[in-house]
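Novice: Fold the following.
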Amino acid sequence: VTVSGYASDLVCGSGTTTYVSGWIDCDALELDAGCYVKFAAGAGITVGLNGGGQVNCHGTTNDPSILTSKDEDLYGQTIADSTGVPSYSGATALDLYWCPAPQTLSGLKIRWAGTAILIADGNYYDNYTLSDSSLEWCQTGVSIDTCTLNIQSSKMCSVGLPTTESNGHIDGSFTDVCNGTDANGLPYAWEYEYFGQSGVDPNADPDGDCRNNLQEYNAGTDPMLPPPIGEAVDEPGWAFTTGGDAKWFGQYCDYFNGGEAAQSGHITDSQSTYMQTTVTGPLGLGFYWKVSSEANYDFLRFYIDGAEQTKISGLNGGW
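Specialist: Residues are numbered from 1 along each chain as shown. Coordinates of the predicted model:
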């Protein structure tokens, strides 16, 4: 579901992904447990801009409503143009502009926002509550103006400015869960950045590139994404595209030298996959390759300007 503009009632249902492609104003916001809300750069949700705003939160500590960047593929449905590398997308994830009655926000997990929650209550001086929630990798956690906020049983991780207030007051504080290192040898902040939780298996390999989580941390690489193709083929300045029935990707499993190589995705009969780049010549080009395919029927081919130059097939075990 993609939304922007105005909606009288914005309902984010359990198990569904709502993509906020631009600022959206709503009179009432419903956040079910297990729902996912993803923000484009600069987007956010304003509640009560036209007066009478209401937020109903149904998430829990164990099954929160998750609000995050469109580029975070860890949660919900992958957005079509996701980079897989989240950044501070939501300008303000939740902006409570004008709510005539005190609101309780609970069971929220807000990640990668410029400001997670902004409460600007006008002249009502109401008491708000934020409970059983987690703010992670946000530039600012909660900002209030002309109201009182009570923070209960909530935590934060890598939030630049946890709270800020103007003509109001905040009671309570967040528990910082990202200080120090987990027993598995991984820093808590690193675990929350990439996995949204602690207790990550250091030997797991979620992106399937043959570098486990501990190795990814030590190398400063992303455990959720294999290395870029350009890096894998020792040409990091070249822009590669890949497509067909399965994409090519970088990996550390099988290589001739340099510790990594590009590999095609798995394909079967009558399927194909490709990677390509554009270069300006003249220049010399050399590479090592190998293939595992049905001999003399399925080929790995090399083209220049659309013209086939050479091809290999069969159970070619060596480079």
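Novice: Do a quick rundown of the strands in the stretch 151-300 of the chain.
Specialist: 155-157, 161-166, 169-171, 175-176, 240-244, 249-251, 261-263, 273-277, 291-292, 299-304 (DSSP state E, counting those that start in this stretch).
Novice: Reformat those as TSV; add distance to D63.
Specialist: Placement of C-beta: from N, CA and C, glycine included. Putting the strands of the stretch 151-300 of the chain into TSV (distance: least, C-beta to C-beta, whole Å) gives the following:
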stretch	distance to D63
strand 155-157	16
strand 161-166	24
strand 169-171	26
strand 175-176	20
strand 240-244	36
strand 249-251	32
strand 261-263	37
strand 273-277	38
strand 291-292	43
strand 299-304	46
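Novice: between those strands, which gets nearest to D81?
Specialist: Closest to D81 of the strands of the stretch 151-300 of the chain is strand 240-244 (C-beta to C-beta; 14.2 Å).
Novice: orientation of that closest one relative to strand 273-277 in degrees?
Specialist: Interaxial angle of strand 240-244 relative to strand 273-277 (axes from the mean of the first three to the mean of the last three C-alpha atoms, to 10 degrees): 160 degrees.
Novice: can you pull the buried residues of strand 240-244?
Specialist: Within strand 240-244, the residues scored as buried using 16 or more other C-beta atoms under 10 Å are F240, T242.
Novice: And stretch 274-285, by the same measure?
Specialist: Within stretch 274-285, the residues that count as buried by 16+ other C-beta under 10 Å are M275.
Novice: Quick one: mean pLDDT for that stretch?
Specialist: Per-region confidence: stretch 274-285 scores 93 on mean pLDDT.
Novice: Touching it from outside, list them.
Specialist: Residues outside stretch 274-285 that contact it (C-beta atoms under 8 Å, 6 or more residues apart in numbering) are 229-230, 235, 238-244, 248, 262, 264.
Novice: ok, now with 6 Å
Specialist: Applying C-beta atoms under 6 Å, 6 or more residues apart in numbering, the contact partners of stretch 274-285 are I229, W238, F240, T241, T242, G244, W248.
Novice: again with stretch 209-228
Specialist: 84, 185-186, 190, 194, 200, 202-207, 249-253, 260.
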